[in-house]
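In: pasted the sequence and its predicted model underneath.
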Amino acid sequence: MIGSHLADFLLKKNTAEVWGLKRFRSSTKNIEHLKKLRLLNGDILDSSSVENAIKLSKPRVIFHLAAQSYPSESWQAPRITLETNILGTLNILEAAKKLKKPPKIFLACSSAEYGIDSKTPIKEDHSLQPISPYGVSKLATEALGRQYCINYDLPIFLGRFFIQVGTGQHEKTSIQTFCQQMAKIEKGRKKPIIFTGNLKPRRDFLDVRDGVKAAWLIVEKAKPGVAYNICSGKAPTMRQVLNMVIKKGKKKVATKVDPQRLRPADELIIKGDNQRLSKQTGWRPEIPLDKTIGWVLDYWRAKV
């Protein structure tokens with residue numbers, strides 16, 4: 001999801017060629033409108049295809065966004081999460097290391113690295129104690145990047161994404177599933193009940209359009225080897241987020257907790273501090289969550 005919006009953002013700048021790496025079986029529905037995007041087939045876990053893609057595209061900048069990116073799924077699939085996120089990153093770094101003039105490399109890190117931290121808003125120097133396999137994989141991703149930055153002088157840029165929200169995202173994520181259910185209810189394809197997980201946690205959501213601007217500015221203006229929070233700095237409860245969806249809906253609905261949507265462990269609050277990013281690059285979040293939810297709900301209305 002982030003990759004498709006980043007490609008869209010970069011192509012609109014009209015200043016560079018944009019290439020993408022995709023698996024043979026992967027859907028291209030999120031990028032079919034990007035006619036100038038050049039695609040190469042491969043797999044992040046296949047070191048030879050990664051190396052070949054980098055040789056062919058001769059990049060000035062690599063945005064490494066490929067991952068098993070769902071914390072909830074990482075509990076059911078810890079091995080594939082760790083393999084994809086850690087070894088996939090290693091393949092990128094090893095391929096880049098072999099070039100005479102290595103490109104800038106942006107690594108998508110995550111707020112899941114922080115885990116349970118009582119201090120909020122969370123600053124980049126807070127302790128890293130992830131509580132999910134996904135969080136562990138992203139902590140390792142960042143550590144690998146910093147190691148290659150120090151030992152091989154690769155220009156590695158580290159962006160810790162908090163929860164990004166936008167169109168083209170899988171319905172596994174909370175806002176997407178709320179909006180998808182509402183859209184189905186409006187069309188008469190579902191009973192007027194929205195099923196939820198735990199609604200007590202507070203989460204920092206950011207519109208992906210703000211997020212990709214931040215990633216670009218980190219590569220252009222920030223310091224290599226330094227982590228930057230990419231976040232809104234706000235943290236509504238999941239109940240408040242659900243209420244935003246309900247308010248924008250066209251049907252009255254009830255809500256019900258689905259035990260299958262509950263995780264073994266949940267951070268009570270994830271709220272980031274974006275001051276380091278703001279001071280280094282001038283970036284500010286511009287799109288309010290209420291507007292983002294309206295955008296996503298309209299997407300699902302069209303889709304269902």
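Out: Arrived safely. Residues are numbered from 1 along each chain as shown.
In: where does pLDDT dip in the chain?
Out: Applying pLDDT under 70 to the chain picks out residues 117-118.
In: need the helices for it, in chain order.
Out: Ranges of helices in the chain, per DSSP state H, are 2-13, 47-57, 71-76, 78-82, 88-97, 133-152, 174-186, 208-221, 238-248, 275-281, 289-303.
In: now render these as CSV, adding distance to Phe63.
Out: From N, CA and C alone the C-beta is placed, and that goes for glycine too. Formatted as CSV, these follow (distance: least, C-beta to C-beta, whole Å):
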stretch, distance to Phe63
helix 2-13, 6
helix 47-57, 12
helix 71-76, 21
helix 78-82, 20
helix 88-97, 10
helix 133-152, 13
helix 174-186, 22
helix 208-221, 6
helix 238-248, 28
helix 275-281, 16
helix 289-303, 21
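In: among the ones you listed, which is the most enclosed?
Out: helix 174-186 (a mean of 23; mean count of other C-beta atoms under 10 Å).
In: any idea of the angle that helix forms with helix 289-303?
Out: 50 degrees (axes from the mean of the first three to the mean of the last three C-alpha atoms, to 10 degrees).
In: just how off-centre is helix 174-186 within its chain?
Out: 20 Å (C-alpha atoms, centre = their mean, to the nearest Å).
In: which elements pack onto it?
Out: strand 193-196, helix 238-248, helix 289-303 (3 or more C-beta pairs under 8 Å, 6 or more residues apart in numbering; DSSP states H and E).
In: from Thr89, how far off is Leu107?
Out: 7 Å (C-beta to C-beta, to the nearest Å).
In: can you give me the end-to-end distance of stretch 231-245?
Out: 21 Å (C-alpha to C-alpha, to the nearest Å).
In: contacting residues around it?
Out: 111, 120-121, 160-162, 174-175, 178-179, 182, 194, 196-206, 210, 255, 269-274, 285, 289-290, 293, 297 (C-beta atoms under 8 Å, 6 or more residues apart in numbering).
In: now swap in stretch 134-152 and tell me
Out: 67-71, 73-74, 81-82, 84-86, 89-90, 93, 97, 102, 105, 107-110, 112-115, 128, 130, 154-156, 158, 160, 224-225, 227.
In: hmm, try it at 7 Å
Out: Stretch 134-152 is contacted from outside by 70-71, 74, 81-82, 85-86, 89-90, 93, 97, 107, 109-110, 112-113, 115, 128, 130, 154, 156, 158, 224-225, 227, using C-beta atoms under 7 Å, 6 or more residues apart in numbering.
In: closest to Leu6 out of the helices and strands packed on helix 174-186?
Out: Leu6 sits nearest to helix 289-303 of all these, at 16.5 Å, using C-beta to C-beta.
In: dump that closest one to CSV, restricted to CA.
Out: Output of helix 289-303 as CSV, limited to C-alpha atoms (Å, rounded to 0.1, in the frame of the first residue of the first chain):
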residue,chain,number,x,y,z
LEU,A,289,-7.7,11.4,10.3
ASP,A,290,-11.4,12.2,9.8
LYS,A,291,-10.6,13.1,6.1
THR,A,292,-8.6,10.0,5.7
ILE,A,293,-11.4,7.8,6.9
GLY,A,294,-13.8,9.5,4.5
TRP,A,295,-11.3,8.7,1.6
VAL,A,296,-11.0,5.1,2.7
LEU,A,297,-14.8,4.6,3.1
ASP,A,298,-15.5,6.0,-0.4
TYR,A,299,-12.8,3.5,-1.7
TRP,A,300,-14.6,0.6,-0.1
ARG,A,301,-18.0,1.8,-1.3
ALA,A,302,-16.7,1.7,-4.9
LYS,A,303,-15.0,-1.6,-4.3
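In: separation between the nearest residue in space to Ser111 that is not next to it in sequence and Pro78?
Out: Excluding its sequence neighbours, the residue lying closest to Ser111 (C-beta to C-beta, 6 or more residues apart in numbering) is Phe162, at 4.3 Å. Separation of Phe162 from Pro78 (C-beta to C-beta) stands at 22 Å.
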